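J.: sequence and predicted structure below; questions after.
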Amino acid sequence: MSIRRNLAFKMQNKLMKVALMLCSSLASSFVYAQPNDFHFNGFLTVAGYHGSSNQIGYKSSILGEQASHRGEWVFDDLSLLGGQINYSVNDQWQLVGQAVLKNELVDTDFDRIKIATLNYRPSSAWLFRAGRFYPRGYLISETRLIGYAHNQVLPVQDFYAQLPLPYVDGIDATYTQRTDFGLFSANLYFGETNITVDLGGDEPVTSEFKNLVGANLEYESRNWLLRAAYSQVEQIEGWGIIDEIEDFFTLLAHPALLQTKTQFMPWAEGAAFLQSDKAKDGVFKYYTLASEHNKGALRVRAELAHLSSGSFLLPDTDSGYVNFAYTHGEVTPFATLSFINSDKDKPFSTQPSGDLLDQVDQVLGIDSRVTLTVINGFLEPVYKQKSATLGMRWDFAQQQAVKVQFERKWVDKNSAGLWRVNQFSQTQAEQVDVFLVSYDRMF
């Protein structure tokens with residue numbers, strides 16, 4: 001374990017101790033707190049989905065372990081149980097904690113704590129938070145895991161599936177000002193986070209991200225809400241599989257390393273691709289524009305985003321959606337049109353010579369052709385799909401709702417980056433139907 005990993009581990013232990021102290025303080029304060037000072041809300045979701053494709057498996061997130069092919073209902077992905085505590089020490093200080101139990105990849109159980117903040121409000125215009133909170137880069141940032149808060153079973157996959165940041169450990173500040181023209185607010189935050197992903201090895205890999213910086217501007221007037229947001233984050237260190245790919249490409253670019261008498265034509269395209277990727281310095285940048293309009297029982301919501309990726313493991317993407325929802329009594333039907341698009345082609349226009357690959361096979365004892373095919377499908381996965389969604393929410397009882405949702409997705413050839421596939425570069429264009437159902441409750 002590197003020095004950096006050791007330091008990060010020590011910092012996480014310190015944060016855990018702080019969180020435990022926070023929970024202890026909340027528990028002890030509850031004994032003496034007035035009823036109006038302490039609030040607990042629990043939330044439950046039982047949800048499942050079914051995809052109609054034999055070729056590609058539907059996933060709720062690019063980091064998700066679960067996927068649904070034809071004939072497979074998945075209920076252990078979206079189902080969860082969570083709770084949130086809000087304790088007001090006085091008019092200026094507040095403690096907030098939220099924990100969620102669900103089937104997800106985590107580095108430690110401490111990652112199941114989604115919110116643990118100390119809030120300070122010196123005036124009605126300012127709010128400062130320190131601790132763990134959700135990154136405020138999109139409309140449903142604060143309530144993404146609370147199913148009851150949304151009409152849809154799952155927030156738009158084309159838009160949200162590529163946003164894996166689970167939390168921010170850091171600080172943020174929000175300034176709000178009401179004028180004759182409406183309500184203006186500005187938010188800044190800074191921190192770090194971890195992402196745990198399964199790259200096909202013996203164990204999941206946790207990658208650390210630092211210098212997570214975000215800024216949001218929001219305007220609200222009568223029936224309109226407008227928001228613009230920017231965030232960026234820097235990956236501290238790459239995944240080990242990238243080093244393995246780099247070693248393989250270096251060997252193909254410099255055949256003399258094989259130490260044989262035969263001279264081979266070098267193949268440098270792979271090494272050059274990785275070198276150009278390093279110029280990104282592992283910095284991911286995310287830009288969003290959002291709007292929401294409410295008129296009586298009708299709500300129209302739209303978001304557009306551009307992701308500038310810091311790694312070939314994720315391409316640059318443009319994504320967006322528009323959602324219509326109409327509430328009539330206890331029933332809310334909704335419809336959504338959405339898309340995600342990355343125009344980058346596969347990185348290699350040439351291939352190494354057969355003689356060079358044969359020699360690599362003999363020296364390393366591998367099937368280099370299969371290895372190259374797998375790597376070619378692993379690099380620069382392409383996201384190119386559009387979707388139409390119809391669904392309905394029924395609030396059949398107080399703080400309880402059931403939802404049904406149907407999605408038709410048009411996925412382009414070799415573009416199933418958001419799906420479970422064996423090789424991204426060998427999928428055919430396909431129309432896929434996805435059914436989703438859920439029961440959500442607050443308590």
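T.: Structure received.

J.: what helix or strand is residue 435 on?
T.: Using DSSP states H and E, residue 435 falls within strand 430-442.

J.: now do that strand, average pLDDT.
T.: Strand 430-442 carries an average pLDDT of 97.

J.: how about stretch 253-264?
T.: Per-residue scores along stretch 253-264 average to 82.

J.: just the buried positions in that stretch, please.
T.: Of the residues in stretch 253-264, 253, 255, 258, 264 count as buried by neighbour count, 16 or more other Cβ atoms under 10 Å. C-beta here means a position set from N, CA and C on the backbone, and glycine is covered the same way.

J.: distance from it to the middle of the chain?
T.: 43 Å (Cα atoms, centre = their mean, to the nearest Å).

J.: which one is residue 44 nearest to, not counting chain neighbours?
T.: Leaving aside its chain neighbours, residue 44 sits nearest to residue 441 (4.7 Å; criterion: Cβ to Cβ, 6 or more residues apart in numbering).

J.: let me redo that: residue 417
T.: Computed as Cβ to Cβ, 6+ apart, the closest residue to residue 417 that is not its neighbour in sequence is residue 381, at 3.6 Å.

J.: same thing with residue 333?
T.: residue 392 is the one closest to residue 333 (Cβ to Cβ, 6+ apart), at 4.8 Å.

J.: and the one you found, how far from residue 151?
T.: If you measure residue 392 against residue 151 using Cβ to Cβ, to the nearest Å, the figure is 9 Å.

J.: looking at the two, which is more packed in?
T.: Set residue 392 next to residue 151 and count neighbours by other Cβ atoms under 10 Å: residue 151 wins out with 21 against 15.

J.: report the buried residues of the strand holding residue 435.
T.: Going by neighbour count (16+ other Cβ under 10 Å), the buried part of strand 430-442 is 430, 432, 434, 435, 436, 437, 438, 439, 440, 441.

J.: ok, now which ones touch the second one?
T.: By that I understand residue 432. 51, 52, 53, 56, 58, 408, 409, 411 (Cβ atoms under 8 Å, 6 or more residues apart in numbering).

J.: just the fourth one next, same as before
T.: For residue 435, the contacting residues are 49, 50, 404, 405, 406, 407, by Cβ under 8 Å, 6+ apart.

J.: what packs against the helix or strand containing the third one?
T.: Read that as residue 404. Assigned by DSSP H and E, residue 404 belongs to strand 400-416. Under the contact criterion of 3 or more Cβ pairs under 8 Å, 6 or more residues apart in numbering; DSSP states H and E, strand 400-416 touches strand 383-397, strand 430-442.

J.: neighbouring strands - and their directions - for the shortest one?
T.: So the one you mean is strand 430-442. Paired with strand 430-442 in the same sheet, following DSSP bridges, are strand 38-51 (antiparallel), strand 400-416 (antiparallel).

J.: list the buried residues of the last one.
T.: If I follow you right, that is strand 400-416. By 16+ other Cβ under 10 Å, the buried positions in strand 400-416 come out as 401, 402, 403, 405, 407, 409, 411, 412, 414, 415, 416.

J.: contacts for stretch 171-183?
T.: Contacts to stretch 171-183, defined as Cβ under 8 Å, 6+ apart, come from residues 124-130, 133, 136, 184-191, 214, 219-222, 224.

J.: try 7 Å
T.: When contacts are defined by Cβ atoms under 7 Å, 6 or more residues apart in numbering, stretch 171-183 is touched by residues 125-130, 133, 184-191, 219-221.

J.: what's the answer for stretch 365-375, then?
T.: By Cβ under 7 Å, 6+ apart, the list of residues contacting stretch 365-375 from outside reads 245, 248, 357, 360, 361, 423.

J.: so where's the stretch 101-250 of the chain shaky on pLDDT?
T.: Across the stretch 101-250 of the chain, the ranges flagged by pLDDT under 70 are 198-204, 236-242.

J.: could you pull out the helices for it?
T.: When assigned using DSSP state H, counting those that start in this stretch, the helices of the stretch 101-250 of the chain occupy the ranges 157-160, 240-253.

J.: and the longest one, what does it pack onto?
T.: Which is helix 240-253. helix 269-278 (3 or more Cβ pairs under 7 Å, 6 or more residues apart in numbering; DSSP states H and E).

J.: before we move on, what about the first one?
T.: Other helices and strands packing on helix 157-160, by 3+ Cβ pairs under 7 Å, 6+ apart, are strand 317-326, strand 331-341.

J.: before we move on, back to that, residue 197 is nearest to which of the strands paired with strand 430-442?
T.: strand 400-416 (17.6 Å; Cβ to Cβ).

J.: at the geometric centre of this protein, which residue sits there?
T.: In the chain, the centroid-proximal residue (Cα atoms, centre = their mean) is residue 164; its distance is 1.8 Å.

J.: if we can go back for a sec, distance to residue 146 added to the helices and strands packed on strand 400-416, as JSON lines?
T.: JSON lines is the format used below for these (distance: least, Cβ to Cβ, whole Å):
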{"stretch": "strand 383-397", "distance to residue 146": "14"}
{"stretch": "strand 430-442", "distance to residue 146": "8"}
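
J.: run through the residues that contact residue 106.
T.: Residue 106 touches 112, 196, counting by Cβ under 7 Å, 6+ apart.

J.: spit out the contact partners of residue 51.
T.: So residue 51 contacts 57, 58, 68, 69, 70, 432, 434 (Cβ under 7 Å, 6+ apart).

J.: still on that earlier bit, could I get the contacting residues of the residue nearest to residue 333?
T.: Residues near residue 392 by Cβ under 7 Å, 6+ apart: 331, 332, 333, 403, 404.

J.: buried residues in stretch 91-109?
T.: Buried residues in stretch 91-109 (16+ other Cβ under 10 Å): 94, 95, 96, 97, 98, 99, 100, 104, 105, 107.

J.: list the residues that contact the residue nearest to the centre of the chain.
T.: So residue 164 contacts 61, 62, 63, 195 (Cβ under 7 Å, 6+ apart).

J.: state the distance from the third one to residue 196.
T.: When distance is defined by Cβ to Cβ, residue 63 is 8 Å away from residue 196.

J.: what number of residues lie near residue 298?
T.: Neighbour tally, residue 298, other Cβ under 10 Å: 12.

J.: to what extent is the nearest residue to it once chain neighbours are set aside buried, counted in neighbours?
T.: Distances taken as Cβ to Cβ, 6+ apart place residue 326 nearest to residue 298, at 5.2 Å, with adjacent residues excluded. Using other Cβ under 10 Å, residue 326 is surrounded by 15 other residues.

J.: and for the one 5 residues further on?
T.: Burial measure for residue 331: 12 neighbouring residues, criterion other Cβ under 10 Å.

J.: distance of the residue nearest to it when sequence neighbours are not counted relative to residue 294?
T.: Excluding the flanking residues, the one nearest residue 331 by Cβ to Cβ, 6+ apart is residue 394, at 5.5 Å. Distance, residue 394 to residue 294, by Cβ to Cβ: 21 Å.
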